[in-house]
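Engineer: I'll drop the sequence and a predicted model, then ask my questions.
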Amino acid sequence: MEILLLIRDIASIALMAVGIIFVLAGAIGVVRLPDFYTRMHAAGVTDTLGAELIVFSLILQAGFTLLAAKLLLVGFILFLTSPTATHAVANAAHRAGLNPLLSRHQPPHPRDAGNGEAP
Amino acid sequence: MMDWVNLIGILSMALAMAIMLGRLFAGPSLYDRVLAANSFGTKTVLLLLIFSLMVGRADGVDIALLYALINFIATIAILKFFRYRSLEIALAQMSLRRAIDGEDD
Amino acid sequence: MEFDWTQLLDYALMAMLLAVGIAIVRLRNLFAAVMLMGVYSLLSAAWFVSLDAVDVAFTEAAVGAGISTVLMLAAMLLTAREAEPVKAARHWAALVVVSVAGAALFYAVGDMPVYGDPNSPANSYVGMDYITSTPNEIAVPNVVTAVLASYRGFDTFGETVVIFAAGLGVMLLLGLRGLKKKEEQK
């Protein structure tokens, strides 16, 4: 019985650690990435996955009680609503005309490269 | 020992929230800010969950559940406002669509 | 001295509240200010949970972070999107008044009872009376609900009437129509 509790503790700590790493990486990504659509990737994907991992870690800590059932409900709701909200924001931005940043490097136009060459 | 793990979780969530505030303050377009506010809300839900488990109060999970739903609804409501520009236009479009398609019960 | 590590959460939340408050005042884009006000309510709700006041956090999260943000956005869409710049030097009198009031409040905090003191006046007379007689007289397990709904029921009744009247007044002023009736289209 003791070994089961030990396994449960280790699994909970591992899940919480990986979840925290994902959430922090997503937060840093939202600040550092250059364009809105890239930031949406950082916020949407890492938020959902990190949140689910942390919720599973808490469920393992809570044991087999009503609290675990409520945590499962919160996890389910976050699993459904977080990607939907991210998609809604991206859809609204695209419909409003926000264009993605396609490239930062602009190759020289053929008419600028030399004198009178045919493009 | 699990208390220390939960404490590290709480402080990491607070750090992630503080980092996300940076995108709320800057953020050239309004969609950046909506994204940052939605993400901030999700992190607050996680903070409330870990804190409730750490302290031992079971009511915090109810608040986290409530806020997870409200966060989603508020994000969608804000996006709808910025698409329709007012509530009247949205209501008028709904009634117009219902009039054209015909209501079948 | 044993350092209470959960105080770090309180420090972090209060620092974020301060940063968000300063940003709300200094930003000129009104949409950003409205979103930041929603974030401020959310941080307050998290702080109330940290202070063990769960019912207040419920109300703050539902009203402040959800409804109030959407209502303020609706109001903002009827008016302007950018605030006009304000020179700071014009409002030195307001700054003096706020500083004096703030200093007086900080001075008054020193006289308040210690946080969680069971012998403070708020917890001794009426509070203890409510806590001891709620299980006998009212069959609701939550003391806050019993106080709001039964012992101070007229207060809640008055608040409901006031908010309903305010909502009605705003709707009449703004002239919001409902959906068209079904019979008008057949």
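Structural biologist: Happy to help now that I have it.
Engineer: Contacts for the one helix or strand residue C:22 maps to, please.
Structural biologist: Element membership of residue C:22, judged by DSSP states H and E, is helix C:7-26. The contact list for helix C:7-26, computed with C-beta atoms under 8 Å, 6 or more residues apart in numbering or on different chains, reads B:10-11, B:14-15, B:17-18, B:21, B:24-25, B:51, C:33, C:36-37, C:39-40, C:43-44, C:46-47, C:50. For the C-beta atoms, the positions are set from N, CA and C on the backbone; glycine is no exception.
Engineer: Buried ones in that helix, by neighbour count?
Structural biologist: Applying a neighbour-count criterion of 16 or more other C-beta atoms under 10 Å in any protein chain shown, one finds C:9, C:12, C:13, C:16, C:17, C:19, C:20, C:23, C:24 buried in helix C:7-26.
Engineer: can I get those residues in a markdown table with pLDDT?
Structural biologist: Supplementary listing: the buried residues of helix C:7-26 in a markdown table, determined by pLDDT from 0 to 100:
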| residue | pLDDT |
| --- | --- |
| C:9 | 88 |
| C:12 | 91 |
| C:13 | 93 |
| C:16 | 94 |
| C:17 | 94 |
| C:19 | 94 |
| C:20 | 94 |
| C:23 | 91 |
| C:24 | 90 |
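Engineer: Farthest pair within those residues?
Structural biologist: When those are compared pair by pair using C-beta to C-beta, the farthest-apart members prove to be C:9 and C:24, with a separation of 22.4 Å.
Engineer: Next, find the distance separating the nearest residue to residue B:39 once chain neighbours are set aside from residue A:51.
Structural biologist: Take residue B:39 and drop its neighbours on the chain: the residue closest to it by C-beta to C-beta, 6 or more residues apart in numbering or on different chains is residue A:43, 4.5 Å away. In this view, residue A:43 and residue A:51 are 12 Å apart by C-beta to C-beta, to the nearest Å.
Engineer: Who has more neighbours out of the two?
Structural biologist: Summary of the neighbour comparison: residue A:43 and residue A:51, criterion other C-beta atoms under 10 Å in any protein chain shown, with residue A:43 having more neighbours (28 against 25).
Engineer: Can you read off the pLDDT for the more buried one?
Structural biologist: Residue-level confidence at residue A:43 comes out at 91, pLDDT.
Engineer: so it sits right up against residue A:26, yeah?
Structural biologist: Yes. The pair residue A:43 and residue A:26 qualifies as a contact (C-beta atoms under 8 Å) at a distance of 6.0 Å.
Engineer: residue contacts, the residue in chain A positioned nearest to chain C?
Structural biologist: Minimum separation of chain A from chain C (C-beta to the nearest C-beta) falls at residue A:89, amounting to 12.7 Å. Counting by C-beta under 8 Å, 6+ apart, residue A:89 makes contact with A:40, B:31, B:34, B:35, B:38, B:75, B:79.
Engineer: Among these, which one has the most neighbours?
Structural biologist: Neighbour-wise, those (other C-beta under 10 Å) top out at residue B:35, 29 neighbours.
Engineer: So for it, what's the pLDDT?
Structural biologist: The pLDDT attached to residue B:35 in the predicted structure is 92.
Engineer: that's a helix at it, yeah?
Structural biologist: Yes. With the criterion set as DSSP: H, G, I helix; E, B strand; the rest coil, the secondary structure at residue B:35 is a helix.
Engineer: What ranges does chain B have for its helices?
Structural biologist: For chain B, applying DSSP state H gives helices covering B:2-25, B:30-55, B:59-84, B:87-101.
Engineer: so where's the chain shaky on pLDDT?
Structural biologist: All of this is about chain A. Across chain A, residues meeting the criterion (pLDDT under 70) sit at A:113-119.
Engineer: um, chain B though
Structural biologist: Along chain B, segments meeting pLDDT under 70 span B:85-91, B:102-105.
Engineer: Spatially central residue for it, please.
Structural biologist: Among the residues of chain B, the one closest to the centroid is residue B:71, at 2.5 Å (C-alpha atoms, centre = their mean).
Engineer: Which positions within the helix or strand that contains residue A:44 qualify as buried?
Structural biologist: Residue A:44 belongs to helix A:36-62 when elements are defined using DSSP H and E. By neighbour count on 16+ other C-beta under 10 Å, the buried set for helix A:36-62 is A:36-37, A:39-62.
Engineer: rewinding a little: close to chain B, is whichever helix or strand comes after the helix holding residue C:22?
Structural biologist: Stepping forward along the backbone from helix C:7-26, the first helix or strand reached (DSSP H and E) is helix C:30-50. Yes. Interface with chain B: helix C:30-50 contributes C:31, C:32, C:35, C:36, C:38, C:39, C:42, C:43, C:45, C:46, C:49, C:50 (C-beta under 8 Å from any C-beta of the partner chain).
Engineer: which residues touch the second one?
Structural biologist: It refers to residue C:32. In this structure, residue C:32 makes contact with B:24, B:25, B:27, B:30, B:33, judged by C-beta under 8 Å, 6+ apart.
Engineer: can you do 6 Å?
Structural biologist: For residue C:32, the contacting residues are residue B:33, taking C-beta atoms under 6 Å, 6 or more residues apart in numbering or on different chains as the criterion.
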